[in-house]
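Colleague: sequence and predicted structure are below.
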Amino acid sequence: MRVLVTGAGGNIGRAVVGHLLECGDSVVGLSLEPADLPVSRLVVGSAGDPAVVADALGDGVDAVVHLAARPSPDHGTPLEVFGDNTRATFVVLDEAARRGVRHLAFAGSYAMFGTAFSPHGAHPPYYPLDERAPLQVADPYALSKQVDEATGEMIARRYGAAVVSLRFPYTVGWDQLRRMAARVRADPAVTAQDSWSYLHVDDAAVAARLAVTVPGEGFHAVLLAAPETLAPWPTEELIRRYHPDTPIREPIPGRNTPIDTSAATKLLGFHPTRHLEMQG
């Protein structure tokens, strides 16, 4: 495939570029800043600028992985976070789909549920948490991800495309995962609002490529997570301590993640293989 990756110079973007190249694909990168990337072509500019995106799509691509975004409500004013994220997603998906690209994936987020950055200490409605859980959006980042998914659904319906929102949890490499795991051992409350979930960035890259090979058309949102949590204690004990009013609908054995990732397995055939235990 020839794939356009926006946010190519970012944390997940670099991993996606690397994985696509390993799979023999050709990659066009779009980055807000100049970046040293092994892509066939790099376009520098904003993913929210239609002219920049049109330039990046100009040589023709088969698929798009859209990752360019402000990654939290702290990365700018509320208007910048919400406005830049939603504009970029609309511009990238619409410009691509109007040019005939029918395989589109973008970075959704676990934060869309509203608990990760809640100013009110919101708790998940139930566990295991799945894509059908009601939203409790109270911050501009979560709202931007909610709107991004509405945009993806519209694009799929309007153009007959396959569009996948990859709802990433805390997604980084080994060094950052080890540091966060150490913080969680010292204080499990640190990632309680994230349900102690994580994903290695290289597994995220695998999921992204699988997402742009989904056949047919339609919009799909899938939750991703490593099979176990960042915490060294049984998951149900953590839930009872930090989310005492959240019902546990099905048993969650041992340190298993309380995130239901079966939709990603069914749609993408995705199975994360990089676990913290591998690194000791």
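Modeller: Good, I have the coordinates.
Colleague: which SS class is Phe219?
Modeller: Three-state call for Phe219 (DSSP: H, G, I helix; E, B strand; the rest coil): strand.
Colleague: how many residues are close by Pro188?
Modeller: Pro188: 19 surrounding residues under other Cβ atoms under 10 Å. From N, CA and C alone the C-beta is placed, and that goes for glycine too.
Colleague: that one and Thr235 touch, don't they?
Modeller: No. Using Cβ atoms under 8 Å, Pro188 is not in contact with Thr235; the gap is 10.7 Å.
Colleague: overlap of the contact sets of the two?
Modeller: Shared contacts of Pro188 and Thr235, defined by Cβ atoms under 8 Å, 6 or more residues apart in numbering, comprise Trp196.
Colleague: may I see the buried residues of stretch 56-64?
Modeller: 56-57, 61-64 (16 or more other Cβ atoms under 10 Å).
Colleague: next one: stretch 167-179
Modeller: 167-172, 177.
Colleague: related to what we said a few turns ago, in strands, which of the buried residues of stretch 56-64 fall?
Modeller: Cross-referencing these against strands under DSSP state E gives 63-64.
Colleague: now tabulate the buried residues of stretch 56-64 in TSV and tack on distance to Leu268 and pLDDT.
Modeller: As requested, the buried residues of stretch 56-64 are exported to TSV (distance: Cβ to Cβ, whole Å; pLDDT from 0 to 100):
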residue	distance to Leu268	pLDDT
Ala56	25	98
Leu57	24	98
Val61	20	97
Asp62	17	98
Ala63	14	98
Val64	16	98
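Colleague: nearest to Val147 among the buried residues of stretch 56-64?
Modeller: Among the buried residues of stretch 56-64, Val64 lies closest to Val147 (Cβ to Cβ), at 18.1 Å.
Colleague: you'd agree the closest one is up against Gly100?
Modeller: No. Assessed by Cβ under 8 Å, Val64 is found out of contact with Gly100, at 11.5 Å.
Colleague: in a strand, Met154, correct?
Modeller: No. When three-state DSSP is applied, Met154 is found to be helix, with no strand at that position.
Colleague: that one: what's it in contact with?
Modeller: Neighbours of Met154 in contact, by Cβ under 8 Å, 6+ apart: none.
Colleague: what about it, distance to Phe90?
Modeller: Met154 sits 9 Å away from Phe90, going by Cβ to Cβ, to the nearest Å.
Colleague: spell out which helix or strand contains Ala107, please.
Modeller: For Ala107, the host element (DSSP states H and E) is strand 103-109.
Colleague: cool, and Met180?
Modeller: Assigned by DSSP H and E, Met180 falls in helix 174-186.
Colleague: by contact count, what packs against that helix?
Modeller: strand 198-200 (3 or more Cβ pairs under 8 Å, 6 or more residues apart in numbering; DSSP states H and E).
Colleague: strand partners (parallel or antiparallel) of the strand it packs on?
Modeller: Using DSSP bridges, strand 198-200 pairs in its sheet with strand 170-172 (parallel).
Colleague: which residues of the protein score low on pLDDT?
Modeller: By pLDDT under 70, the weakly predicted segments of the chain are 278-280.
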